[in-house]
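1. Any chance you can model this:
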Amino acid sequence: MKTFEHQTRTRLGYFVYLLVDPRTGAIFYVGKGAKNRPFDHFRATKGEGSKAEMIRRIRADKLEPEVHVLRHGLSSSEIAEDVEAAVIDAIGLENLTNSCRGKGVEKGRATVTELNQRFCSRPVSINTIKEPLMKIWINQTYSPTMNAQELYDATRQYWCNVGKDKRTPDADGALMYPTVVALVGNVVVMAYRVQAWFSAGSTLSTRKWSGDPNRWEFVGNALPDHRLVGKRLVDDNGNSIRGNAQGYGYLN
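-> Numbering: from 1, shown residues only. The predicted structure is shown next:
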């Protein structure tokens, strides 16, 4: 695998690059960095996810992935992060082997409906909600180009430290938190009724999982008519209720 010559590295500065499948010309990964960062990926080992698996498949055909530099001479890592995230959004996360959308997703690709929901939809104070809910933030894995199945899989997988009491039905067969709301920022993009929890990677999915089996995923049904879908969750002062880029919490 060729790398950048010393003089090239000094001229590139910060840059955004693409990994390309030479068999099809398809971009399968978008990254940002400096120096010889793109070539770090080619030291892939077993169990490093879908990007490493794609590299192994290309090499099985006696070829090497191509590195294309999309933008170079960027003045800071922060600018490179913005360009990287915009390119991921343009291609669609579901069409890449990247694990997340990158930095600044709150400013990223969104439909008119989503933007109107974010800025104009009716706020709902969490203190008025009496229903037990599991809140799951999917900021990093959400894409407006997702279909319904991809949105469902991004919401239900792959969560660590979901307590046994949260996953196991009581004596009457009821779960402590039977309803999950998927949040992008503070907007509920979908709700689901949970049927059961399973070990990560053990149910049929559009996503590939080769990681820790001690994480968890649920199966359930979409609730597109749930009263919170399309609403903004706020506190009593009208401030947005936001979680981490990716994570979960409970209400009631």
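
2. how many neighbours does residue 61 have?
-> Around residue 61 there are 10 other residues, counting by other C-beta atoms under 10 Å. All C-beta spots, glycine's among them, are computed from the backbone N, C-alpha and C.

3. Let me know the pLDDT of it.
-> Here, the pLDDT recorded for residue 61 equals 95.

4. Same check on residue 48?
-> 64.

5. Give me the buried positions along the helix or strand of the chain with the lowest mean pLDDT.
-> Using mean pLDDT, DSSP states H and E, the weakest-scoring helix or strand in the chain turns out to be helix 112-120, at a mean of 79. Going by neighbour count (16 or more other C-beta atoms under 10 Å), the buried part of helix 112-120 is 114, 117, 118.

6. Helices of the stretch 151-252 of the chain, residue ranges please.
-> 164-167 (DSSP state H, counting those that start in this stretch).

7. all strands of it, in order?
-> 179-184, 187-199, 216-222, 232-234, 246-251 (DSSP state E, counting those that start in this stretch).

8. Identify whichever of those lies nearest to residue 106.
-> Evaluated with C-beta to C-beta, the strands of the stretch 151-252 of the chain place strand 179-184 nearest to residue 106, the distance being 8.7 Å.

9. I'd like to know which elements that closest one is packed against.
-> When contacts are defined as 3 or more C-beta pairs under 8 Å, 6 or more residues apart in numbering; DSSP states H and E, strand 179-184 packs onto strand 133-138, helix 148-156, strand 187-199.

10. and the ones you listed as CSV, adding distance to residue 12?
-> CSV is the format used below for the helices and strands packed on strand 179-184 (distance: least, C-beta to C-beta, whole Å):
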stretch, distance to residue 12
strand 133-138, 34
helix 148-156, 34
strand 187-199, 38
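
11. in whichever helix in the chain runs longest, what's buried?
-> As assigned by DSSP state H, the longest helix anywhere in the chain is helix 77-91. For helix 77-91, a neighbour-count test (16+ other C-beta under 10 Å) marks 80, 81, 82, 83, 84, 85, 86, 87, 88, 89, 91 as buried.

12. How many residues are close by residue 96?
-> 22.

13. roughly how far apart are it and residue 74?
-> Distance, residue 96 to residue 74, by C-beta to C-beta, to the nearest Å: 20 Å.

14. ok now do the residue nearest the centre of the chain, which residues does it touch?
-> Of all residues in the chain, the one closest to the mean position by C-alpha atoms, centre = their mean is residue 141, 1.2 Å from it. Taking C-beta atoms under 8 Å, 6 or more residues apart in numbering, we find residue 141 in contact with 93, 99, 100, 101, 154, 246.

15. rerun that using 10 Å as the cut-off
-> 93-94, 98-101, 105, 150-151, 153-155, 157, 184, 207, 245-246 (C-beta atoms under 10 Å, 6 or more residues apart in numbering).

16. which SS class is it?
-> coil (DSSP: H, G, I helix; E, B strand; the rest coil).
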